[in-house]
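Visitor: Provide a 3D model corresponding to the input given below.
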Amino acid sequence: MSKTETYPWDPAEDLEGHEDCIGYLDAALQEDDALLVAKVLDDIARYQEMTRTGHELQSSPSSLYESLACDGEPKLGAILTALRELGISLYGGPRRCSTSEPQPEVLYQVQPVLE
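Guide: Numbering: from 1, shown residues only. This next block holds a predicted model:
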């Protein structure tokens with residue numbers, strides 16, 4: 001049986017604009033996993049850096065991810081600061097429930113910050 005070759009995948013390389021970043025973050029927030037949100041914020045930061053510099057960066061975690069996840073649980077203040085630095089606002093809404101009750105239309109809304 002032949003072995004399947006695999007290659008490292010960097011999500012930052014597959015993002016194609018601010019709307020992709022917003023959708024990616026929205027999906028991460030739905031998982032209720034603070035470390036996943038921190039990793040996604042790191043991916044978005046690396047994507048933004050790649051688009052600014054025009055070249056790929058190392059796929060190792062950036063200082064943003066390391067600062068958010070240094071103690072295993074990112075602090076809300078650190079996440080909010082990262083969102084602000086990335087030009088993203090976070091708005092709250094009712095939580096979706098897993099029962100047969102009617103679902104609210106919006107769990108939360110992630111939007112770019114307009115300056």
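
Visitor: What segments of this structure are helices?
Guide: For the chain, helices defined by DSSP state H occupy the ranges 11-14, 18-29, 34-53, 63-68, 76-85.

Visitor: who wins for proximity to Gly93 among those helices?
Guide: Among those, helix 18-29 comes nearest to Gly93, with 11.1 Å by Cβ to Cβ. Quick note: C-beta positions are derived from backbone N, CA and C, even for glycine.

Visitor: how big is the angle separating the closest one from helix 76-85?
Guide: Going by axes from the mean of the first three to the mean of the last three Cα atoms, to 10 degrees, helix 18-29 is angled at 170 degrees with respect to helix 76-85.

Visitor: Going by contacts, tell me the helices and strands next to helix 18-29.
Guide: Using 3 or more Cβ pairs under 8 Å, 6 or more residues apart in numbering; DSSP states H and E as the contact test, the elements touching helix 18-29 are helix 34-53, strand 88-92, strand 108-112.

Visitor: could I have the first one exported to PDB, CA atoms only?
Guide: Once side chains and other backbone atoms are set aside, the C-alpha atoms of helix 34-53 remain, and they are given as PDB (Å, rounded to 0.1, in the frame of the first residue of the first chain):
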ATOM      1  CA  ALA A  34     -11.200  30.300  23.000                       C
ATOM      2  CA  LEU A  35      -8.000  28.700  21.700                       C
ATOM      3  CA  LEU A  36      -9.500  28.200  18.300                       C
ATOM      4  CA  VAL A  37     -10.600  31.800  18.200                       C
ATOM      5  CA  ALA A  38      -7.000  32.800  19.100                       C
ATOM      6  CA  LYS A  39      -5.600  30.700  16.300                       C
ATOM      7  CA  VAL A  40      -8.100  32.100  13.800                       C
ATOM      8  CA  LEU A  41      -7.100  35.600  14.800                       C
ATOM      9  CA  ASP A  42      -3.500  34.700  14.300                       C
ATOM     10  CA  ASP A  43      -4.300  33.300  10.800                       C
ATOM     11  CA  ILE A  44      -6.100  36.500   9.900                       C
ATOM     12  CA  ALA A  45      -3.200  38.600  11.200                       C
ATOM     13  CA  ARG A  46      -0.800  36.600   9.100                       C
ATOM     14  CA  TYR A  47      -3.100  36.900   6.000                       C
ATOM     15  CA  GLN A  48      -3.200  40.700   6.500                       C
ATOM     16  CA  GLU A  49       0.600  40.800   6.800                       C
ATOM     17  CA  MET A  50       1.000  38.700   3.700                       C
ATOM     18  CA  THR A  51      -1.200  41.000   1.700                       C
ATOM     19  CA  ARG A  52       0.700  44.000   3.000                       C
ATOM     20  CA  THR A  53       4.200  42.600   2.300                       C
END
